[in-house]
Structures are given as structure tokens and as C-alpha cells.
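Chemist: kindly generate the corresponding structure for this input.
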Amino acid sequence: MATTLKTKIYSQDGKEAGDMTLPESVFGAAWNPDLVHEVVTSMQSNARAGTAHTKDRGEVRGGGKKPWRQKGTGRARHGSRRSPIWTGGGTTFGPRSEKDYSKKINRNARARALASVLSQKLRDEQVLLVDSFTFDAPKAALAKKALAALGGISGKEDIASKKQNAVLVVLASRDENTEKSLRNFGNVLVTHAKDVNPVELLTYKYVVVAKPEESIETFARRVATKVARKAATTTQ
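Modeler: Reported below is the predicted structural model:
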């Protein structure tokens, strides 16, 4: 049987609400900086729009007429105003929109990187499990109060005070009230357990996992390798 980990669960108002045993496959992975760097940089490359574009000498306007005659003027020879050495001419070796920045990421590598980052976040005491993180109505004042309550937990003060990249709130499923309540906070990002990725986890200092039973079950499915999935399917 796999080794397990135990951590506290808090209520939305910052009070202890119990304990939870965490799966070793998700939160017990070793820190693998090389793999994490490879996956993160690949994901960032895949997110590049690639819209930066400069015109070469064949695309800029003008240049139909030779600036001056070839000989007899005492000046250097020029055949077109489109030349890159002329003001308003084409650009040499500039960015082109047809360049493809995308990189392939193996499913197994992505899963291992996710587990590695989640495990390191837990070891750094930057993972906070909250039994429920929801509001009756979409109100920023309620969200601010909840964040302040979580920031009152010992060692988690930055949740309420950090001005940038403070909290990544992970929801088990779509919750419109919570998402709307938090969307105006520049230091908070709301995502879902099925979508969370290493880039977001490393961008934000704290990870608040709402409804941890459901969310962590989703994490466990995502980090499972294809071999493990196949074995599980065979035994059912």
C-alpha cells in the first residue's frame, strides 16, 4: 500500500475543520527541477501568440525607382529605397509571424511535473486545503473577508498582504459566484482542478484547494501514468 501524507483542512473563515490524508502519488513526488523547467518553458512557448511580424524589403512600400543614377554622383550605389540600410526600408532578420514556437510535451512528463510542483508546494507549506470556498452572491467584499481570514492562519499571512501573485484558488468544479467575487483581485487567480498546471502553480505563492476531496481526486487522475491507468482499467 502506498505511503500517505496527512495535512489540516481549514474552513473558509480560517478555522481548523479536520485532517485529510493525501495520496503519495500527488504530494509525495521528488522535486525534479530539470523536468519542471522543460515542461514550464514548453508550455510558455505553446502559449506564445507568434504575432510579432516585421516587413522585409519585398514587403515595404516604395522603392520602384532607382534613387539616383549608378555612376557620376560621387555617392554610393543604390538600387532601391527598400534596402534595410535606408530609413523606412525593410528589416533584416526581424521576427516573422510564420515562426512556430510550439513544443511537444509528453503526457507522462506533464503529469510528473505537475506532481513534482504540487509536492514541493506542500513541503514549502504553500498548499492550503479549504473545505468550501463559495459565496451566496458574487461580492468582492465577501471574497476579501475570506482571504483575510485565511491570511490569519499562522505562516499564511501573505495570502492577505502580498500585492502580486499571492493566491491560486483551485475549485473542484465551476462556481460562478466564487469566480466573479475574485476576478477583480489582481493578486488572485481562480482555476479548476482539471486545468491547473505547473506554470500557474509556480507563478502564485499559495495554492488554496477548495473541496479537497474532489479536487485531489482529480489531481490523482491527472498524474497517473498511462501504465497505471491501463492497470486500473484491467482490474475493474
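
Chemist: contacts, neighbours, all on C-alpha from now
Modeler: OK.

Chemist: all strands for this structure, in order.
Modeler: Secondary structure of the chain, counting by DSSP state E: strands at 4-10, 16-23, 127-130, 167-171, 188-192, 206-210.

Chemist: and of those, who's closest to residue 51?
Modeler: Nearest to residue 51 among the strands of the chain is strand 188-192; the distance by Cα to Cα comes to 25.7 Å.

Chemist: per-domain residue ranges of the chain.
Modeler: Following automatic domain parsing, the chain resolves into domains at 4-48+104-235, 50-100.

Chemist: let me have the strands of the chain in a markdown table, extended by distance to residue 137, mean neighbour count and mean pLDDT.
Modeler: Shown next, in a markdown table, are those (distance: least, Cα to Cα, whole Å; neighbours: other Cα atoms under 10 Å; pLDDT from 0 to 100):
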| stretch | distance to residue 137 | mean neighbour count | mean pLDDT |
| --- | --- | --- | --- |
| strand 4-10 | 21 | 15 | 86 |
| strand 16-23 | 23 | 14 | 92 |
| strand 127-130 | 19 | 23 | 96 |
| strand 167-171 | 16 | 25 | 96 |
| strand 188-192 | 16 | 19 | 96 |
| strand 206-210 | 17 | 24 | 96 |
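
Chemist: nearest to residue 62, out of the ones you listed?
Modeler: For residue 62, the closest of the strands of the chain is strand 188-192, at 48.5 Å, according to Cα to Cα.

Chemist: can you give me the helices in the chain?
Modeler: 24-27, 33-46, 107-123, 140-151, 158-161, 176-182, 198-203, 212-223, 226-235 (DSSP state H).

Chemist: dump those to JSON lines, plus mean pLDDT.
Modeler: Shown next, in JSON lines, are these (pLDDT from 0 to 100):
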{"stretch": "helix 24-27", "mean pLDDT": "94"}
{"stretch": "helix 33-46", "mean pLDDT": "97"}
{"stretch": "helix 107-123", "mean pLDDT": "96"}
{"stretch": "helix 140-151", "mean pLDDT": "94"}
{"stretch": "helix 158-161", "mean pLDDT": "90"}
{"stretch": "helix 176-182", "mean pLDDT": "95"}
{"stretch": "helix 198-203", "mean pLDDT": "97"}
{"stretch": "helix 212-223", "mean pLDDT": "94"}
{"stretch": "helix 226-235", "mean pLDDT": "51"}
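
Chemist: backbone dihedrals for residue 60, please?
Modeler: Main-chain torsions, residue 60, degrees, to the nearest 10: phi -70, psi 160.

Chemist: check contacts around it.
Modeler: 82, 88, 89, 90 (Cα atoms under 8 Å, 6 or more residues apart in numbering).

Chemist: neighbours of the second one, how many?
Modeler: So that's residue 88. Residues near residue 88, counting by other Cα atoms under 10 Å, number 14.

Chemist: hmm, residue 82 and it touching each other?
Modeler: Yes - between residue 88 and residue 82 there is a contact at 7.2 Å, judged by Cα atoms under 8 Å.

Chemist: residue 68: what's its closest spatial neighbour, skipping adjacent residues?
Modeler: Residue nearest to residue 68 in three dimensions, not counting chain neighbours: residue 78, with 7.3 Å by Cα to Cα, 6 or more residues apart in numbering.

Chemist: per-residue pLDDT, that neighbour?
Modeler: Residue 78 is assigned 93 on the pLDDT scale.
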